[in-house]
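A.B. asks: this is the structure alone, sequence omitted:
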(Lines give C-alpha, C1' and ligand atoms only; values in the text may rest on other atoms or scores of the structure.)
Protein backbone atom coordinates (compact mmCIF):
# COMPACT_ATOMS: atom_id res chain seq x y z
CA UNK A 1 0.00 0.00 0.00
CA UNK A 2 1.62 3.21 -1.21
CA UNK A 3 1.48 6.86 -0.26
CA UNK A 4 0.04 9.83 -2.12
CA UNK A 5 2.60 12.62 -2.48
CA UNK A 6 1.35 16.16 -3.12
CA UNK A 7 4.14 17.66 -5.19
CA UNK A 8 4.19 21.39 -6.03
CA UNK A 9 5.53 22.22 -9.49
CA UNK A 10 6.96 25.47 -10.93
CA UNK A 11 4.58 28.39 -11.40
CA UNK A 12 6.84 29.81 -14.09
CA UNK A 13 10.57 29.29 -14.03
CA UNK A 14 11.36 25.56 -14.26
CA UNK A 15 13.93 25.98 -11.49
CA UNK A 16 11.10 26.63 -9.00
CA UNK A 17 10.97 23.01 -7.85
CA UNK A 18 12.65 21.37 -4.88
CA UNK A 19 15.24 18.62 -5.06
CA UNK A 20 12.95 16.46 -2.94
CA UNK A 21 10.05 16.90 -5.37
CA UNK A 22 12.27 15.87 -8.28
CA UNK A 23 13.36 12.74 -6.39
CA UNK A 24 9.77 11.83 -5.55
CA UNK A 25 8.64 12.29 -9.17
CA UNK A 26 11.36 9.86 -10.24
CA UNK A 27 10.62 7.28 -7.55
CA UNK A 28 6.82 6.99 -7.60
CA UNK A 29 5.08 4.43 -9.77
CA UNK A 30 2.63 6.95 -11.26
CA UNK A 31 2.22 10.71 -11.63
CA UNK A 32 -1.35 12.03 -11.67
CA UNK A 33 -1.15 15.34 -13.56
CA UNK A 34 -3.76 18.01 -14.21
CA UNK A 35 -2.60 18.34 -17.84
CA UNK A 36 -0.12 15.75 -19.08
CA UNK A 37 0.99 17.97 -21.98
CA UNK A 38 1.99 20.77 -19.62
CA UNK A 39 3.59 18.39 -17.11
CA UNK A 40 5.66 16.61 -19.76
CA UNK A 41 7.50 19.87 -20.41
CA UNK A 42 8.70 19.62 -16.81
CA UNK A 43 9.44 15.89 -16.81
CA UNK A 44 11.33 16.05 -20.13
CA UNK A 45 13.39 18.96 -18.83
CA UNK A 46 14.47 16.93 -15.79
CA UNK A 47 14.65 13.60 -17.66
CA UNK A 48 11.93 11.97 -15.59
CA UNK A 49 10.32 8.97 -17.31
CA UNK A 50 7.75 7.97 -14.66
CA UNK A 51 4.38 6.89 -16.16
CA UNK A 52 1.81 9.68 -16.12
CA UNK A 53 -1.98 9.86 -16.21
CA UNK A 54 -4.32 12.84 -16.39
CA UNK A 55 -6.44 13.88 -13.43
CA UNK A 56 -8.51 17.04 -13.84
CA UNK A 57 -11.95 18.53 -13.27
CA UNK A 58 -13.57 16.75 -16.23
CA UNK A 59 -12.30 13.20 -15.60
CA UNK A 60 -11.75 13.15 -11.82
CA UNK A 61 -14.42 10.52 -11.15
CA UNK A 62 -13.40 8.23 -14.02
CA UNK A 63 -9.74 8.28 -12.92
CA UNK A 64 -10.21 7.31 -9.27
CA UNK A 65 -10.08 3.54 -9.88
CA UNK A 66 -6.84 3.83 -11.87
CA UNK A 67 -5.15 6.04 -9.27
CA UNK A 68 -6.22 3.92 -6.30
CA UNK A 69 -5.12 0.76 -8.07
CA UNK A 70 -1.70 2.37 -8.48
CA UNK A 71 -1.70 3.31 -4.78
CA UNK A 72 -2.33 -0.32 -3.87
CA UNK A 73 0.86 -1.24 -5.73
CA UNK A 74 3.09 1.72 -4.84
CA UNK A 75 3.46 5.46 -4.37
CA UNK A 76 1.68 8.07 -6.51
CA UNK A 77 2.51 11.76 -6.96
CA UNK A 78 -0.22 14.34 -7.55
CA UNK A 79 0.80 17.46 -9.49
CA UNK A 80 -1.10 20.36 -11.04
CA UNK A 81 -0.27 22.54 -14.04
CA UNK A 82 1.57 24.92 -11.73
CA UNK A 83 1.95 25.46 -8.01
CA UNK A 84 0.61 23.39 -5.14
CA UNK A 85 -2.10 20.79 -5.93
CA UNK A 86 -5.34 21.12 -3.98
CA UNK A 87 -5.43 24.93 -4.08
CA UNK A 88 -8.52 25.79 -6.17
CA UNK A 89 -8.28 22.61 -8.23
CA UNK A 90 -9.82 19.10 -8.03
CA UNK A 91 -6.73 17.73 -6.33
CA UNK A 92 -8.28 18.36 -2.91
CA UNK A 93 -11.00 15.81 -3.67
CA UNK A 94 -8.44 13.09 -4.43
CA UNK A 95 -6.50 14.03 -1.30
CA UNK A 96 -9.62 13.81 0.86
CA UNK A 97 -10.59 10.46 -0.68
CA UNK A 98 -7.09 9.05 -0.11
CA UNK A 99 -7.17 10.08 3.56
CA UNK A 100 -10.65 8.61 3.95
CA UNK A 101 -9.45 5.36 2.40
CA UNK A 102 -6.55 5.04 4.82
CA UNK A 103 -3.65 5.97 2.53
CA UNK A 104 -0.78 8.06 3.81
CA UNK A 105 -0.83 11.55 2.27
CA UNK A 106 2.51 13.38 2.22
CA UNK A 107 2.44 17.06 1.19
CA UNK A 108 5.71 18.55 -0.06
CA UNK A 109 6.48 22.26 0.39
CA UNK A 110 6.99 24.27 -2.75
CA UNK A 111 5.85 26.88 -5.24
CA UNK A 112 2.52 28.69 -4.80
CA UNK A 113 1.26 31.84 -6.54
CA UNK A 114 -0.85 32.57 -3.46
CA UNK A 115 2.01 32.99 -0.99
CA UNK A 116 4.44 34.42 -3.55
CA UNK A 117 2.03 37.24 -4.46
CA UNK A 118 1.25 37.89 -0.80
CA UNK A 119 4.84 38.39 0.32
CA UNK A 120 5.67 40.33 -2.85
CA UNK A 121 2.79 42.75 -2.35
CA UNK A 122 4.38 44.43 0.64
CA UNK A 123 1.14 44.12 2.61
CA UNK A 124 0.60 42.54 6.00
CA UNK A 125 1.06 38.78 5.81
CA UNK A 126 0.63 37.80 9.45
CA UNK A 127 -3.10 37.23 8.84
CA UNK A 128 -4.77 36.83 5.46
CA UNK A 129 -7.88 35.37 3.84
CA UNK A 130 -7.75 33.43 0.57
CA UNK A 131 -10.88 34.06 -1.53
CA UNK A 132 -10.10 31.62 -4.33
CA UNK A 133 -11.17 32.61 -7.84
CA UNK A 134 -13.38 35.70 -7.72
CA UNK A 135 -17.04 35.29 -8.83
CA UNK A 136 -17.75 35.96 -12.50
CA UNK A 137 -21.06 37.73 -11.94
CA UNK A 138 -20.97 41.33 -10.78
CA UNK A 139 -23.63 40.97 -8.07
CA UNK A 140 -21.89 37.94 -6.55
CA UNK A 141 -18.53 39.71 -6.63
CA UNK A 142 -19.93 42.80 -4.93
CA UNK A 143 -21.57 40.65 -2.25
CA UNK A 144 -18.32 38.78 -1.57
CA UNK A 145 -16.32 41.98 -1.25
CA UNK A 146 -18.96 43.49 1.03
CA UNK A 147 -18.70 40.45 3.30
CA UNK A 148 -15.02 41.23 3.89
CA UNK A 149 -15.21 45.04 3.71
CA UNK A 150 -14.57 45.54 7.42
CA UNK A 151 -12.10 42.69 7.91
CA UNK A 152 -8.57 43.76 8.80
CA UNK A 153 -6.90 40.72 7.22
CA UNK A 154 -5.19 41.02 3.85
CA UNK A 155 -7.26 39.43 1.07
CA UNK A 156 -5.78 37.28 -1.70
CA UNK A 157 -7.63 36.05 -4.80
CA UNK A 158 -7.04 34.63 -8.27
CA UNK A 159 -8.57 36.41 -11.25
CA UNK A 160 -8.71 36.10 -15.02
CA UNK A 161 -6.86 38.90 -16.83
CA UNK A 162 -9.98 39.40 -18.96
CA UNK A 163 -12.05 40.37 -15.89
CA UNK A 164 -9.35 42.29 -14.03
CA UNK A 165 -10.70 45.73 -14.93
CA UNK A 166 -14.20 44.84 -13.76
CA UNK A 167 -12.89 43.36 -10.52
CA UNK A 168 -10.77 46.40 -9.73
CA UNK A 169 -13.80 48.63 -10.35
CA UNK A 170 -15.81 46.50 -7.91
CA UNK A 171 -13.05 46.70 -5.31
CA UNK A 172 -13.00 50.48 -5.62
CA UNK A 173 -16.79 50.66 -5.37
CA UNK A 174 -17.19 48.32 -2.42
CA UNK A 175 -13.96 48.73 -0.45
CA UNK A 176 -13.17 52.32 -1.39
CA UNK A 177 -11.03 54.13 -3.97
CA UNK A 178 -8.11 54.39 -1.56
CA UNK A 179 -7.94 50.70 -0.56
CA UNK A 180 -4.45 49.45 -1.38
CA UNK A 181 -4.23 46.72 -4.00
CA UNK A 182 -1.44 44.75 -5.66
CA UNK A 183 -1.87 43.05 -9.03
CA UNK A 184 0.74 40.28 -9.35
CA UNK A 185 1.04 39.22 -12.98
CA UNK A 186 2.91 36.28 -14.53
CA UNK A 187 4.70 35.38 -11.29
CA UNK A 188 8.07 33.70 -11.83
CA UNK A 189 7.79 34.08 -15.61
CA UNK A 190 9.74 36.29 -18.01
CA UNK A 191 7.28 39.19 -17.86
CA UNK A 192 6.58 39.07 -14.12
CA UNK A 193 5.28 42.37 -12.81
CA UNK A 194 3.84 43.66 -9.54
CA UNK A 195 1.51 46.66 -9.89
CA UNK A 196 0.94 48.41 -6.57
CA UNK A 197 -1.38 51.33 -5.82
CA UNK A 198 -4.87 52.27 -4.73
CA UNK A 199 -7.93 50.51 -6.09
CA UNK A 200 -8.83 53.61 -8.11
CA UNK A 201 -5.34 54.03 -9.55
CA UNK A 202 -5.15 50.43 -10.70
CA UNK A 203 -8.77 50.47 -11.89
CA UNK A 204 -8.05 53.47 -14.12
CA UNK A 205 -4.77 51.94 -15.28
CA UNK A 206 -6.33 48.65 -16.35
CA UNK A 207 -9.66 50.08 -17.59
CA UNK A 208 -8.74 49.62 -21.25
CA UNK A 209 -5.68 47.44 -21.06
CA UNK A 210 -6.17 44.10 -19.36
CA UNK A 211 -2.83 42.29 -18.99
CA UNK A 212 -2.09 38.88 -20.43
CA UNK A 213 -1.23 35.90 -18.30
CA UNK A 214 -2.20 34.72 -14.85
CA UNK A 215 -3.15 37.29 -12.22
CA UNK A 216 -3.18 37.17 -8.43
CA UNK A 217 -4.84 40.02 -6.53
CA UNK A 218 -3.72 41.11 -3.06
CA UNK A 219 -6.01 43.56 -1.25
CA UNK A 220 -5.12 45.38 1.96
CA UNK A 221 -7.38 44.83 4.95
CA UNK A 222 -9.65 47.51 6.32
CA UNK A 223 -8.09 50.24 8.45
CA UNK A 224 -9.76 50.06 11.89
CA UNK A 225 -9.03 53.76 12.36
CA UNK A 226 -10.79 54.79 9.13
CA UNK A 227 -12.66 58.08 9.26
CA UNK A 228 -16.41 58.54 8.80
CA UNK A 229 -17.24 59.16 5.13
CA UNK A 230 -18.51 62.44 3.82
CA UNK A 231 -21.97 62.66 2.26
CA UNK A 232 -20.39 62.92 -1.20
CA UNK A 233 -18.44 59.67 -0.63
CA UNK A 234 -21.58 57.89 0.55
CA UNK A 235 -23.56 59.09 -2.47
CA UNK A 236 -20.88 57.91 -4.90
CA UNK A 237 -20.54 54.46 -3.34
CA UNK A 238 -24.32 54.04 -3.14
CA UNK A 239 -24.81 55.10 -6.76
CA UNK A 240 -22.16 52.65 -7.99
CA UNK A 241 -23.82 49.76 -6.18
CA UNK A 242 -27.32 50.69 -7.35
CA UNK A 243 -26.11 50.87 -10.96
CA UNK A 244 -25.26 47.16 -10.76
CA UNK A 245 -28.91 46.40 -9.99
CA UNK A 246 -28.47 45.87 -6.26
CA UNK A 247 -31.54 46.62 -4.13
CA UNK A 248 -31.45 49.90 -2.25
CA UNK A 249 -31.93 48.27 1.15
CA UNK A 250 -28.97 45.93 0.71
CA UNK A 251 -26.80 48.61 -0.88
CA UNK A 252 -27.56 51.03 1.95
CA UNK A 253 -26.62 48.42 4.54
CA UNK A 254 -23.30 47.59 2.93
CA UNK A 255 -22.34 51.22 2.29
CA UNK A 256 -23.28 52.11 5.87
CA UNK A 257 -20.79 49.56 7.21
CA UNK A 258 -17.92 51.03 5.22
CA UNK A 259 -18.92 54.65 5.70
CA UNK A 260 -19.56 54.28 9.43
CA UNK A 261 -23.03 55.74 8.92
CA UNK A 262 -26.36 54.45 10.15
CA UNK A 263 -28.18 52.36 7.57
CA UNK A 264 -31.39 54.39 7.72
CA UNK A 265 -29.46 57.59 6.99
CA UNK A 266 -27.84 56.03 3.91
CA UNK A 267 -31.21 54.62 2.83
CA UNK A 268 -32.86 58.07 3.07
CA UNK A 269 -30.02 59.53 1.03
CA UNK A 270 -30.60 56.90 -1.64
CA UNK A 271 -34.35 57.58 -1.79
CA UNK A 272 -33.72 61.31 -1.99
CA UNK A 273 -31.23 60.89 -4.84
CA UNK A 274 -33.63 58.90 -7.02
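C.D. replies: Yep, that arrived. Note that this is a predicted model, so its numbers are computed, not measured.
A.B. asks: ramachandran angles for the closest residue to residue 127 other than its chain neighbours?
C.D. replies: Leaving aside its sequence neighbours, residue 127 sits nearest to residue 153 (C-beta to C-beta, 6 or more residues apart in numbering; 4.5 Å). C-beta: built from backbone N, CA, C; applies to glycine. Dihedral pair for residue 153: phi -70, psi 150, per degrees, to the nearest 10.
A.B. asks: same deal with residue 216?
C.D. replies: According to degrees, to the nearest 10, residue 216 has phi -120, psi 130.
A.B. asks: quick check: bridge partners of it?
C.D. replies: Residue 216 has these beta-bridge partners by DSSP bridges: residue 158, residue 184.
A.B. asks: which residues touch it?
C.D. replies: 113-114, 116-117, 156-159, 183-184, 187 (C-beta atoms under 8 Å, 6 or more residues apart in numbering).
A.B. asks: again with residue 199
C.D. replies: For residue 199, the contact set (C-beta under 8 Å, 6+ apart) comprises 168, 171-172, 175-181, 219.
A.B. asks: those, buried ones only, as a PyMOL selection?
C.D. replies: In PyMOL, a selection of the buried entries from the contacts of residue 199 looks like this (16 or more other C-beta atoms under 10 Å):
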select buried, resi 168+171+172+175+176+177+179+180+181+219
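A.B. asks: quick one: which of the contacts of residue 199 sit in strands?
C.D. replies: Among these, the residues falling in strands (DSSP state E) are 180-181, 219.
A.B. asks: dump those residues to JSON lines, plus distance to residue 34 and pLDDT.
C.D. replies: Putting the ones in strands among the contacts of residue 199 into JSON lines (distance: C-beta to C-beta, whole Å; pLDDT from 0 to 100) gives the following:
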{"residue": "180", "distance to residue 34": "33", "pLDDT": "96"}
{"residue": "181", "distance to residue 34": "29", "pLDDT": "98"}
{"residue": "219", "distance to residue 34": "27", "pLDDT": "98"}
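A.B. asks: just put those residues in JSON lines and tack on distance to residue 32.
C.D. replies: As requested, these are arranged in JSON lines below (distance: C-beta to C-beta, whole Å):
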{"residue": "180", "distance to residue 32": "39"}
{"residue": "181", "distance to residue 32": "36"}
{"residue": "219", "distance to residue 32": "33"}
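A.B. asks: and which of those residues is nearest residue 133?
C.D. replies: Ranked by distance to residue 133 (C-beta to C-beta), the ones in strands among the contacts of residue 199 are led by residue 219 at 14.5 Å.
A.B. asks: OK, contacts around that closest one?
C.D. replies: The neighbours of residue 219, taking C-beta under 8 Å, 6+ apart as the test, are 154-157, 171, 175, 179-182, 199.
A.B. asks: could you do residue 175 as well?
C.D. replies: By C-beta under 8 Å, 6+ apart, the residues touching residue 175 are 145, 149, 199, 219, 222, 258.
A.B. asks: widest-spaced pair of those residues?
C.D. replies: 219 and 258 (13.7 Å).
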